[in-house]
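Participant: Fold the following and give me the result.
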Amino acid sequence: MSGALAGLRVIDASTLYAAPYLATLLADHGADVVKIEQPGGDTYRHHPGRMWPLLARGKRSVELDLRSDEGCAVLRRLVADVDVLVVNLPPATLAKRGIDFPTLHALNPELVYVSVTGYGQDGPYADRPGNGTIGEAFTGLTHVTGDPDGPPVLPSVPMGDAVTAVTGAFGVLAACYHRLAHGGGGQLVDVNPIDSLLQAGAPIHAEYDGAGEVPVRLGSRLRDSVVRNVFPTEDDRWVAISASTPRHLSDLATLAGHGLRDDDGVPIGDVEASVREWTSKRHHTAVVEELVNRRLPVSLVQTAREIRDDAHVRSRGCLTEMTTDEQGAITVPVAAPRLSVTPAEPASRTPVVGQHTDAVLGGR
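Facilitator: Now for the predicted structure:
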């Protein structure tokens, strides 16, 4: 393996999306990740959403039944010689099977034990089932997403799970650095959608003073931005425009023919309406070209097909193709972030069920 995390030994004994994706992010950057699969293979191998490559790329596959005493005994033996373990079973179930943090920490005091749960390790809701979607609703993101006069809206991708995975991967690196730099040994990394999505929705809570009106849905707007929205074009497409600085706002207003200014030269009145009228009379390519030429932030609202054909995406190789035995060729994003000295080199195919069982259990 190559990459910044080459040499980091990880066991991914988790299922579903957030926890395995956390381990994938480590594998992307060179960690040796062994994925424990139930007999017959992980259920996501045949998931209609074709997400298996996102959860398995760069990993070795070991077939092991963690519902059995024998399988848990094998896992206890394996963790004695690894750096990180990722699990997402309820803590009570882990304790019953003898693969909980206190048990495994006693076997390997250097182990970074990553426990992904719905609500965290403690608190009155600790035993509740949860996932990224439930976290989005619980933390207020769903409440502020959607049109002002419409219902709250959930994203059409598992955003909460992805944010949880990224948060968890950061937690692993922080714990490993502490172990390496300060000799602190291993520790429990408590990862859950609630903590993770409260971070993503931090502006909601910064805005609310605890006494006044709670933040509400604003459509595509941000409360403190004069122009931040999607705008129609004459060819029935949409462009996203965000004027994030006074210069952006002033130049955009001038371009849209909005002439009102305050004493400081800042546009006043309904700038967004002027921009909407301006874009609606132009082809989307003309809108994008004019704003880019004036160094104003803009993008066509692209479809999956357009993203694959985009010149920038192709030039930087933002997407790549993986091969799976179950579903054939599937397009996935390349690893992020990009490192200049130790670039990630994601695998090009997923493992066969149990492909590495003999090698791993034999100590190789």
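
Participant: Sketch out the strands for this protein, chain order is fine.
Facilitator: Counting by DSSP state E, one finds strands in the chain at the ranges 9-12, 32-37, 59-63, 84-87, 112-116, 187-191, 228-232, 238-242, 298-300, 319-324, 328-333.

Participant: Using a markdown table, lay out those strands together with mean pLDDT.
Facilitator: Rendered in a markdown table, the data for the strands of the chain read as follows (pLDDT from 0 to 100):
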| stretch | mean pLDDT |
| --- | --- |
| strand 9-12 | 98 |
| strand 32-37 | 98 |
| strand 59-63 | 97 |
| strand 84-87 | 98 |
| strand 112-116 | 98 |
| strand 187-191 | 98 |
| strand 228-232 | 97 |
| strand 238-242 | 98 |
| strand 298-300 | 98 |
| strand 319-324 | 93 |
| strand 328-333 | 94 |
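
Participant: Tabulate those in a markdown table, adding columns for distance to His178 and mean neighbour count.
Facilitator: (Each C-beta comes from the backbone N, C-alpha and C, glycine too.) A markdown table is the format used below for these (distance: least, CB to CB, whole Å; neighbours: other CB atoms under 10 Å):
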| stretch | distance to His178 | mean neighbour count |
| --- | --- | --- |
| strand 9-12 | 17 | 24 |
| strand 32-37 | 21 | 25 |
| strand 59-63 | 25 | 23 |
| strand 84-87 | 13 | 26 |
| strand 112-116 | 9 | 26 |
| strand 187-191 | 7 | 21 |
| strand 228-232 | 39 | 18 |
| strand 238-242 | 38 | 19 |
| strand 298-300 | 39 | 17 |
| strand 319-324 | 33 | 16 |
| strand 328-333 | 30 | 13 |
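
Participant: For Glu345, find the nearest of these.
Facilitator: Within these, the stretch nearest Glu345 is strand 319-324; the backing value is 10.5 Å (CB to CB).

Participant: What is the closest one packed up against?
Facilitator: helix 52-56, strand 328-333 (3 or more CB pairs under 8 Å, 6 or more residues apart in numbering; DSSP states H and E).

Participant: Now do the same for the first one: mean pLDDT, whole number.
Facilitator: The average pLDDT within helix 52-56 is 94.

Participant: Just the CA atoms of that helix, as PDB, please.
Facilitator: As requested, the backbone C-alpha atoms of helix 52-56 are provided in PDB (Å, rounded to 0.1, in the frame of the first residue of the first chain):
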ATOM      1  CA  TRP A  52     -20.800  -1.100  -2.600                       C
ATOM      2  CA  PRO A  53     -17.600   0.400  -4.200                       C
ATOM      3  CA  LEU A  54     -17.900   3.400  -1.800                       C
ATOM      4  CA  LEU A  55     -17.900   1.000   1.100                       C
ATOM      5  CA  ALA A  56     -15.400  -1.600  -0.100                       C
END
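
Participant: give the contact list for the most centrally placed residue in the chain.
Facilitator: Compute the mean C-alpha point of the chain, and by CA atoms, centre = their mean the closest residue is Ala162, 2.6 Å away. For Ala162, the residues meeting the contact criterion (CB atoms under 8 Å, 6 or more residues apart in numbering) are 18, 21, 132.

Participant: what's the answer for Leu5, then?
Facilitator: Under the criterion of CB under 8 Å, 6+ apart, the contact list for Leu5 reads 26, 29-31.

Participant: quick one: which of those is nearest His143?
Facilitator: Using CB to CB, Leu26 is the member of these that lies nearest His143, at 32.7 Å.

Participant: can you count the residues close to that closest one?
Facilitator: Close neighbours of Leu26, defined as other CB atoms under 10 Å, add up to 27.

Participant: Quick check: it touching Gly168?
Facilitator: No - counting by CB atoms under 8 Å, Leu26 stays clear of Gly168, with 9.5 Å between them.

Participant: hmm, back to that, let me have the helices and strands packed on strand 319-324 in TSV, extended by distance to Asp270.
Facilitator: As requested, the helices and strands packed on strand 319-324 are arranged in TSV below (distance: least, CB to CB, whole Å):
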stretch	distance to Asp270
helix 52-56	43
strand 328-333	38
